[in-house]
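> Dropping a prediction and its sequence here:
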Amino acid sequence: MRIRYAVAAAVTVLGLTAAATPAVAAATTAAVTKAQAVKIAKKKVPGAYVSEVEREYEHGRRTWKIELEKGHWEYDVYVAVSDGSIVKFTRDYDD
């Protein structure tokens, strides 16, 4: 009898653990928010102001495209939604 209850308890615990794992994994892989992406971009170009923010795909990844301006320069910083890494960075001189 004791073995039967032990096995039933182990199966129940394993079943709950296996069912909870995807939910826990989904909760820990939070996407980078717009505010976080802007903060990352402003850290890359200190002193610049944000002129536009939009969602795009760059190099096959979902990104935030943050357009910044500083002096006569325009910067585009592409921040990955998945992990906050900078996927692409461009700088253009604006006459």
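Cool, got the structure. Numbers count the residues shown, from 1 in each chain.
> Tell me which helix or strand Gly84 sits in.
Secondary structure assignment for Gly84, by DSSP states H and E: no helix or strand.
> Now do the same contact list for it.
Neighbouring residues of Gly84 by CB atoms under 8 Å, 6 or more residues apart in numbering: Val32, Gln36, Ala37, Ile40. The way it works is simple: take the backbone N, C-alpha and C, and place the C-beta from them, glycine included.
> Now it: phi and psi?
phi 80, psi 10 (degrees, to the nearest 10).
> Quick one, grab the pLDDT at it.
For Gly84, the pLDDT comes out at 97.
> got it, and Ile66?
pLDDT recorded at Ile66 is 98.
> Okay, it and Ser82: tell me how far apart.
16 Å (CB to CB, to the nearest Å).
> Between these two, tell me which one has more neighbours.
Ile66 (26 against 14; other CB atoms under 10 Å).
> before we move on, which element is that one in?
Secondary structure from DSSP H and E places Ile66 in strand 61-70.
> Gly47 touches Glu69, doesn't it?
No - in this structure, Gly47 is not within contact of Glu69 by CB atoms under 8 Å, at 10.4 Å.
> Could you figure out how far the helix or strand that the strand holding Ile66 is followed by is turned away from strand 61-70?
Sequence-wise, the next helix or strand downstream of strand 61-70 (DSSP H and E) is strand 73-80. Calculated by axes from the mean of the first three to the mean of the last three CA atoms, to 10 degrees, strand 73-80 forms an angle of 160 degrees with strand 61-70.
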